[in-house]
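>>> Have a look at this fold, sequence not included:
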DNA sequence: AAGTGTATACTTGCATATAAATATCCTTGA
DNA sequence: TCAAGGATATTTATATGCAAGTATACACTT
């Protein structure tokens, strides 16, 4: 399925955001506008617009006259984002609990099974996992809240992916996601909140530990490109014709 | 104090965001890139970049080939944003309570008094009010959380301003902000959370009522510019030389 | 070897230009 | 009177060009 875009700017935006979220463009990587323009077959103007948008979304860091680099989040920032995510999902859950009917539960179960089926492919698993949680949030029927939740999901995605891929993710003790489906079925609001809260907090603790350990091993320590430092040069494959 | 900017893009961004947050450019207003470019004395390129950034921040709605308009938030969206704001401020408060020393309390008191002093100027009052809350959040020492809180503040600011200016704002029953300062001084975590929570919920209820009433009176009903509708033309002052 | 200049090669920021898409207005026929 | 069609005026999207800012590399000094 080849997506088609209304404008070159949309294509660039989708392209770049995809690379960053997937981790293909790692934190700190320099983004050369000429290169991207050549790759997508357009001029630098739409690329620059896409970069500005990604800057506002927090995916990219831009410095005047110094260009763009993929944003680097500190473990503290990721922790903040994760806590924000938890807060917002719990907020959405308060709305959605009473709106979970049988068909929603069935659909949620399907999402859960789909997630299990791809458990060996971290990238796909993370995507399905986010979708599972987003489905619950969507039942709240609060458009803006939903949008903010999805934004946060995207922002932490590259780091979640690292964590899941690392193999250091703690196996869910009692299959949390099944528990969430089950407790939703009972409709006991207090219990639902409790289960979800403990699910989120359980994940977070390990996740944050992983990120800190990773940082102290030298990854991620690269600050966004302060003062006059040089950006990490991830690719240097000029085509010398 | 004339601010100076590194680039034309920064100037445009700051200029436009300022007009929108202050409510000077009301929701639904068409933003003509030529006009802004002429006003700021630059070409349309930096204007477009600024608009893209504002689009990502939720201040502006852009449609391909149809230009930009100031985003219109439904009362539901504002409600979502307000609830998000509450969640995040409470989250920050959990971090910050234990970090409130005497000097922080003194500074907070000053902010509170400053707020009282400008109570008759809605625009200034709202600004100081936001600062009061942001100061509390800042004590948490969580950079990213702080940034997200400020983002949400900015996003609802135009609506808060309308509310405050309307004169329909319910006078704070027992001077909530003073109560917040006082309870922070006690250091009783549970009480602090309770007071803040009730402060936020109290404001919200009235605020949302106001927005709904306003909408049913015909304001705000203008959707962001769907399909082929024409944008609200707020200004049409061409200079015919 | 490390630091300092400086010439050279890239990049960025942005003005200008132009085709394509939209909006506006005027005309015309039912 | 008014919907439809089409001519004209605007506005948008983006390519191109260029001045100014940065990075790179090599020569020179200490």
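All right, it came through fine. Just so you know, these numbers come straight off a predicted model, no measurement behind them.
>>> Tell me the secondary structure at the nearest residue to residue A:18 once chain neighbours are set aside.
Spatial nearest neighbour of residue A:18, excluding adjacent residues (C-beta to C-beta, 6 or more residues apart in numbering or on different chains): residue A:24 at 7.9 Å. C-beta coordinates here come from the backbone N, C-alpha and C atoms, glycine included. Of the three states, residue A:24 takes coil according to DSSP: H, G, I helix; E, B strand; the rest coil.
>>> Near residue A:24, how many other residues are there?
By the criterion of other C-beta atoms under 10 Å in any protein chain shown, residue A:24 has 12 neighbours.
>>> Show me the helices in chain A, by range?
A:8-21, A:33-40, A:44-57, A:75-96, A:102-117, A:122-138, A:143-166, A:176-186, A:189-216 (DSSP state H).
>>> Between those, which one is closest to DNA strand D.
DNA strand D lies closest, by C-beta to the nearest atom of the strand, to one member of the helices of chain A: helix A:8-21, at 3.1 Å.
>>> Would you mind pulling the contact partners of that closest one?
A:3, A:5, A:24-25, A:31, A:36, A:40, A:42-43, A:46-47, A:49-51, A:53-54, A:57, A:59-60, A:70, A:154, A:157-158, B:52, B:64 (C-beta atoms under 8 Å, 6 or more residues apart in numbering or on different chains).
>>> hmm, stretch A:98-106 in reach of chain B?
No. Applying C-beta under 8 Å from any C-beta of the partner chain, one finds stretch A:98-106 separated from chain B by no less than 15.1 Å.
>>> got the buried residues for that stretch?
Across stretch A:98-106, burial judged by 16 or more other C-beta atoms under 10 Å in any protein chain shown covers A:100, A:104.
>>> So which residue is smack in the middle of chain A?
Centrality entry for chain A: nearest residue to the mean C-alpha point is residue A:157, 2.3 Å, by C-alpha atoms, centre = their mean.
>>> and the gap between it and residue A:81?
10 Å (C-beta to C-beta, to the nearest Å).
>>> swap in residue A:120?
Remark: distance between residue A:120 and residue A:81 (C-beta to C-beta) = 26 Å.
>>> Who has more neighbours out of these two?
Higher neighbour count among residue A:120 and residue A:81: residue A:81, with 21 against 7, using other C-beta under 10 Å.
>>> residues in contact with that one?
Contacts of residue A:81 (C-beta under 8 Å, 6+ apart): A:73, A:152, A:155-156, B:144.
>>> Which positions in stretch A:155-165 come out as buried?
Residues A:155-164 are the ones in stretch A:155-165 that count as buried (16+ other C-beta under 10 Å).
>>> Other residues contacting it?
A:20-23, A:26-27, A:57-59, A:73, A:78, A:81-82, A:85, A:122-123, A:125-126, A:130, A:169, A:207, A:210-211, A:214.
>>> same deal with stretch A:207-214?
Counting by C-beta under 8 Å, 6+ apart, A:75, A:78-79, A:82, A:159-160, A:162-163, A:166, A:168-169, A:220 sit against stretch A:207-214.
>>> Please give the centre-to-centre distance between that stretch and its chain.
Centre-to-centre, stretch A:207-214 and its host chain are 16 Å apart (C-alpha atoms, centre = their mean, to the nearest Å).
>>> Next, the buried residues of it.
Those would be A:207-208, A:210-212, A:214, for stretch A:207-214 by 16+ other C-beta under 10 Å.
>>> What is the burial count for the residue in chain A that DNA strand D sits nearest to?
Here chain A gets closest to DNA strand D at one residue, residue A:43, 2.4 Å apart by C-beta to the nearest atom of the strand. Using other C-beta under 10 Å, residue A:43 is surrounded by 13 other residues.
>>> quick one: contacts for it?
So residue A:43 contacts A:8, A:37 (C-beta under 8 Å, 6+ apart).
>>> Kindly report the residues of chain A close to DNA strand C.
For chain A, the residues in contact with DNA strand C (C-beta under 7 Å from any atom of the strand) are A:32-34, A:44-45, A:48, A:62, A:64-68.
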